[in-house]
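**Q** can't give you the sequence, but here's the structure:
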Ligand SMILES: NC(=O)c1ccc[n+]([C@@H]2O[C@H](COP(=O)([O-])OP(=O)(O)OC[C@H]3O[C@@H](n4cnc5c(N)ncnc54)[C@H](OP(=O)(O)O)[C@@H]3O)[C@@H](O)[C@H]2O)c1
């Protein structure tokens with residue numbers, strides 16, 4: 001399968017990228033940084049891993065860079081789009097500032113929506129059924145102090161996915177969401193051990209979410225094994241309550 005993946009340079013996206021490559025897929029990977037890990041994977045999978053540097057903070061420019069002749073051209077038939085890249089704007093609501101809120105929404109909401117538009121158009125052009133998977137966050141469901149702005153962007157993308165599934169299911173396009181719990185990545189690195197322990201206490205398994213469990217769920221959802229699953233939000237969160 002040909003899969004477009006955002007946020008591949010590190011964290012969850014890097015593990016998703018590795019998992020998809022190991023399962024034999026071709027990955028069109030996007031992030032701002034061409035990380036050492038991506039370079040190493042390209043050496044390992046020269047025919048299967050393609051990289052484009054793009055800043056999703058400017059959705060129109062990112063779209064132009066991604067759906068271009070030298071990357072996901074019309075000759076490439078996309079089977080799936082995985083929207084993983086995101087930024088967190090953490091603060092309490094009474095400190096909210098419009099500028100960082102807008103900047104986060106460009107990356108977390110507007111760019112994924114625009115890329116979904118062109119991913120679906122590519123699938124329709126090639127008469128293919130296809131899968132879209134958005135990475136959300138448990139914060140959109142449970143609520144955490146300081147995450148209202150970030151969680152709202154994930155809530156928006158969950159609603160977008162559900163409605164995309166309804167709108168395009170008749171043409172074979174599926175859209176699902178994976179809802180991870182807290183994972184040990186750069187995004188959560190600013191949390192103190194005490195804050196982390198408080199978060200883990202709210203899970204049934206009392207620990208951080210395993211990134212490979214998230215990646216495997218994404219790989220399953222884009223595959224034909226999930227042919228009858230659409231419009232869903234699958235929680236991979238150690239049973240958060
Ligand atoms: N970590 C957690 O606890 C947690 C929990 C629930 C959900 N999530 C979600 O899981 C997904 C992955 O998060 P993570 O923890 O792996 O975060 P991360 O380690 O901060 O990685 C974020 C990825 O997104 C890319 N990215 C960020 N801003 C970008 C931009 N403007 N343009 C292009 N790419 C950009 C980054 O690449 P560059 O910096 O190279 O551009 C990087 O590859 C996100 O959707 C996040 O919301 C995370």
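**A** Yes, it's here. It should be emphasised that the depicted structure is a prediction, and the values quoted were computed from it without experimental measurement.
**Q** what's the first-to-last distance across stretch 116-134?
**A** 10 Å (Cα to Cα, to the nearest Å).
**Q** any idea how far it is from the chain center?
**A** Chain-centre distance of stretch 116-134: 15 Å, with Cα atoms, centre = their mean, to the nearest Å.
**Q** ok, now stretch 86-100?
**A** 20 Å.
**Q** now stretch 130-145
**A** 9 Å.
**Q** so which residues on this structure come close to the ligand?
**A** When proximity is defined by Cβ under 6 Å from any ligand atom, the chain lies next to the ligand at 7-13, 31-33, 55-57, 84-87, 107, 135, 137-138, 180, 182-183, 185-188. Every residue, glycine included, has its C-beta placed from N, CA and C.
**Q** ok, now which ones touch the residue nearest the centre of the chain?
**A** By Cα atoms, centre = their mean, the chain has its centre lying nearest to residue 84, at 1.7 Å. Counting by Cβ atoms under 8 Å, 6 or more residues apart in numbering, residue 84 touches 5-8, 12-13, 16, 135, 218.
**Q** surely residue 145 and residue 90 touch.
**A** No. The pair residue 145 and residue 90 fails to qualify as a contact (Cβ atoms under 8 Å) at a distance of 9.6 Å.
**Q** next helix or strand past the longest helix that the chain contains?
**A** In the chain, taking DSSP state H as the definition, the longest helix is helix 148-168. With elements assigned by DSSP states H and E, the helix or strand that comes after helix 148-168 is strand 173-180.
**Q** what's the host helix or strand of residue 134 packed up against?
**A** When elements are assigned from DSSP H and E, residue 134 belongs to strand 130-135. Applying 3 or more Cβ pairs under 8 Å, 6 or more residues apart in numbering; DSSP states H and E, we find strand 130-135 packed against strand 80-83, helix 111-125, helix 148-168, strand 173-180, helix 211-222.
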